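In: Please work out how this folds:
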Amino acid sequence: MPTISRSNGDASAAAGPPLRGWQRRALVKYLAAQPRDFLAVATPGSGKTTFALRIAGELLTQGTVDQVTIVVPTEHLKIQWAHAAARLGIALDPKFSNATGYTSPEYHGVVVTYAQVASHPVRHRIRTENRNTLVIFDEIHHGGDAKSWGAAIREAFDDATRRLALTGTPFRSDDSPIPYVTYAPDDTGRMRSRADHAYGYAEALADGVVRPVVFLAYSGESRWRDSAGAEHVARLGETHSADQIARAWRTALNPSGQWIPAVITAADIRLRRLREHIPDAGGMIIASDQASARSYADLLTTITGEAPTVVLSDDPGSSDRIAEFSRGTSRWLVAVRMVSEGVDVPRLSVGVYATNASTPLFFAQAIGRFVRSRRPGETASIFVPSVPSLLQLASELEQQRDHVLGKPHRDVGFAEAPPARRREASDSDEGFEAIGADAELDQVIFDGASFGTTAAAGSDEEADYLGIPGLLDSGQIRELLTRRRDQQPPAAAPAMGHATVRAAMHDQLRQLRQELNTLVSVTHHRTGLSHGAIHNELRRLHGGPPVAAASAEQLRQRIEAVKTLGRGAVRR
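Out: Residues are numbered from 1 along each chain as shown. Next up is the predicted model:
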């Protein structure tokens with residue numbers, strides 16, 4: 001077994017770069033307690049891999065464990081973990097095979113997938129029993145994805161000397177516990193997961209570990225035809241039935257329509273602006289399926305004049321293409337789900353969320369690909385459909401979710417349905433025909449607040465937002481967005497004919513958001529409380545979703561409430 005090298009300046013740490021504050025605090029907590037099980041919840045991009053490998057180095061050097069097993073969600077992550085470990089002097093075998101069950105004695109351990117463990121748990125149990133083993137579960141929530149996976153990792157690793165569980169995404173509610181996670185009752189009596197160390201996005205943003213994220217939400221009118229030949233119209237971002245939202249969303253994402261080319265064009269303009277300051281900044285389109293990914297790639301080639309990198313999960317060369325894109329300076333990457341979790345491409349700065357997935361888990365995984373900070377002032381810009389569920393998730397980016405035992409988390413509607421039901425509900429609906437969808441910038445969401453705007457795709461007003469400087473800190477972004485919001489002229493009241501009713505409601509929502517945000521800013525300056533704390537108190541008093549997804553009546557209630565809030569009236 002090779003030895004673990006030490007850094008010259010720190011006799012208690014394996015070789016490697018200096019630890020960030022949260023990593024150091026978590027490491028000290030771990031080494032002081034020396035627990036058998038430890039759960040670290042840290043936001044994507046904050047350095048969970050480095051933290052876990054430093055613990056592995058310590059335990060190997062102490063002789064507490066003789067080998068390490070890393071369990072990851074995807075094949076690509078096996079290579080990524082092995083490379084990261086090598087930089088800290090730890091040799092891991094990413095090519096370990098269930099068929100042989102052996103690896104070279106020159107390795108400190110192996111990297112395997114959850115599926116690999118589930119296919120032969122006895123093989124991994126024997127390895128774990130034979131030597132003192134540290135098992136690191138990357139994205140431990142996958143242990144709850146399928147009961148067979150949870151049962152398999154229990155069978156394989158119950159005899160492990162130490163177990164370290166990691167996650168960077170919000171857990172979902174479920175009816176079965178995740179292996180090796182501790183649960184305790186919350187205020188409502190429900191059993192909720194308890195992290196041994198937590199480091200959320202808000203803390204990481206304050207520390208400069210992650211980038212601030214600006215969401216640009218695009219609405220527009222979608223038109224489609226049903227199996228009976230009847231035509232339907234619905235506007236993204238307005239309240240409709242679940243079926244209408246799903247079909248309007250599906251129409252907007254249609255590669256043959258007008259919405260997605262307009263949004264891709266806007267995203268490329270934003271990326272070009274960022275590259276004036278950050279020459280290697282890259283963008284990624286997250287597609288729902290492989291056919292859409294290929295079509296979006298064709299659109300990108302036409303719009304930008306440069307063929308993007310395309311990553312499809314069943315393509316054997318995908319890992320190499322991700323690595324090549326990460327090292328290079330080309331502009332665009334198109335992927336389905338392979339780049340949605342754990343894959344590290346730090347130069348990604350612009351995203352197009354062109355998928356119909358809207359669970360909190362997947363959304364957080366996707367946005368996590370864009371938040372890793374490399375230098376002060378970097379920002380991420382994510383273009384999303386103006387769909388209520390996505391607007392709420394964008395507004396709640398800073399919230400942390402624990403795993404709650406009870407009713408499983410299942411969003412309603414086409415976009416969140418299980419794959420089989422999703423095909424039955426829409427993709428196999430041969431009568432559905434997308435007619436077209438126009439696109440316009442609906443609102444900009446930052447730090448939980450909505451900065452109301454309405455700008456047609458390609459307009460000067462849209463260009464003002466796409467041209468936000470590439471290097472700004474959080475305070476500068478908020479100041480700039482607030483100033484631009486305040487400079488917007490009030491929308492003229494349109495004639496209330498049949499064709500303008502939708503536009504009138506859209507303008508009304510924009511004006512109400514603007515009025516509420518202005519009053520919140522005034523309250524912030526008067527009380528010293530953060531904008532987020534004030535918005536959260538208004539939601540506590542009157543319920544409802546974040547500003548970005550609130551109805552006109554909910555906005556009016558909050559406007560009246562914030563006028564009465566005095567010093568000390570908002571919970572700190």
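In: What residues of stretch 315-325 count as buried?
Out: Residues of stretch 315-325 classed as buried: Ser318, Ser319, Arg321, Ile322, Ala323, Phe325 (neighbour count, 16 or more other CB atoms under 10 Å). Where C-beta positions appear, they are placed from N, C-alpha and C, glycine not excepted.
In: Please, where are all the strands along the stretch 301-450 of the chain?
Out: With strands called from DSSP state E, counting those that start in this stretch, the stretch 301-450 of the chain shows them at 309-311, 332-335, 348-354, 380-385, 433-437, 440-446, 449-456.
In: May I see the buried residues of stretch 179-198?
Out: Across stretch 179-198, burial judged by 16+ other CB under 10 Å covers Pro179, Tyr180, Val181, Tyr183, Met191, Arg192, Ser193, Ala195, Asp196, His197, Ala198.
In: which ones are touching the first one?
Out: Contacts of Pro179 were listed using CB atoms under 8 Å, 6 or more residues apart in numbering, and they are Ile140, Gly143, Gly150, Ile153, Arg154.
In: Could I get the phi/psi values of it?
Out: Dihedral angles of Pro179 (phi, psi; degrees, to the nearest 10) stand at phi -60, psi 140.
In: Give me the pLDDT value at it.
Out: Pro179 carries a pLDDT score of 91 in this model.
In: And for the last one?
Out: Model confidence at Ala198, expressed as pLDDT, equals 93.
In: is it true that it touches Thr43?
Out: No: proximity of Ala198 to Thr43 does not meet the contact threshold set by CB atoms under 8 Å, at 9.4 Å.
In: which strand of the protein spans the most residues?
Out: Scanning the chain for the longest strand, with DSSP state E as the assignment, gives strand 213-225.
In: Which positions within that strand qualify as buried?
Out: Val213, Val214, Phe215, Leu216, Ala217, Tyr218, Ser219, Gly220, Glu221, Ser222, Arg223, Trp224.
In: same deal with stretch 539-552?
Out: For stretch 539-552, using 16+ other CB under 10 Å, the buried residues are Arg539, His542, Gly544, Pro545, Pro546, Val547, Ala548, Ala549, Ala550.
In: The fourth one: which element?
Out: Taking DSSP states H and E as the criterion, Pro545 maps to no regular element, lying outside all helices and strands.
In: Quick check: chain neighbours aside, which residue is closest to it?
Out: Gln392 (4.8 Å; CB to CB, 6 or more residues apart in numbering).
In: before we move on, back to that, between the contacts of Pro179, which is nearest Ser521?
Out: Of all those, Ile140 has the smallest distance to Ser521: 40.0 Å, by CB to CB.
In: OK, contacts around that closest one?
Out: Taking CB under 8 Å, 6+ apart as the test, what Ile140 contacts is Leu39, Ala165, Leu166, Thr167, Ile178, Pro179, Tyr180, Val181.
In: Which residue comes closest to the last one once chain neighbours are left out?
Out: By that I understand Val181. Leaving out its chain neighbours, the residue that sits closest to Val181 by CB to CB, 6+ apart is Ser193, at 5.1 Å.
In: before we move on, the earlier item: which stretch in the strands of the stretch 301-450 of the chain is the model least sure about?
Out: Lowest mean pLDDT within those: strand 449-456, at a mean of 78.
In: just how off-centre is that one within its chain?
Out: Relative to its chain's centre, strand 449-456 lies at 22 Å (CA atoms, centre = their mean, to the nearest Å).
In: next one: stretch 39-56
Out: Relative to its parent chain, stretch 39-56 has a centroid offset of 17 Å by CA atoms, centre = their mean.
In: likewise stretch 142-151?
Out: Distance, stretch centre to chain centre, for stretch 142-151: 21 Å (CA atoms, centre = their mean).
In: Mind listing what's buried along it?
Out: Those buried within stretch 142-151 under the rule 16+ other CB under 10 Å are His142, Gly143, Gly144, Asp145, Trp149, Gly150.
In: could you turn that stretch into PDB, dropping everything but the C-alphas?
Out: Extracted C-alpha coordinates of stretch 142-151, given in PDB (Å, rounded to 0.1, in the frame of the first residue of the first chain):
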ATOM      1  CA  HIS A 142     -29.300   8.000  -4.500                       C
ATOM      2  CA  GLY A 143     -29.600   5.400  -1.700                       C
ATOM      3  CA  GLY A 144     -33.200   6.300  -1.600                       C
ATOM      4  CA  ASP A 145     -33.900   6.400  -5.300                       C
ATOM      5  CA  ALA A 146     -34.800   2.700  -5.500                       C
ATOM      6  CA  LYS A 147     -35.400   0.500  -2.500                       C
ATOM      7  CA  SER A 148     -33.100  -2.200  -4.100                       C
ATOM      8  CA  TRP A 149     -30.200   0.300  -4.100                       C
ATOM      9  CA  GLY A 150     -30.800   1.100  -0.500                       C
ATOM     10  CA  ALA A 151     -30.900  -2.500   0.500                       C
END
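In: Nothing else from me, thank you.
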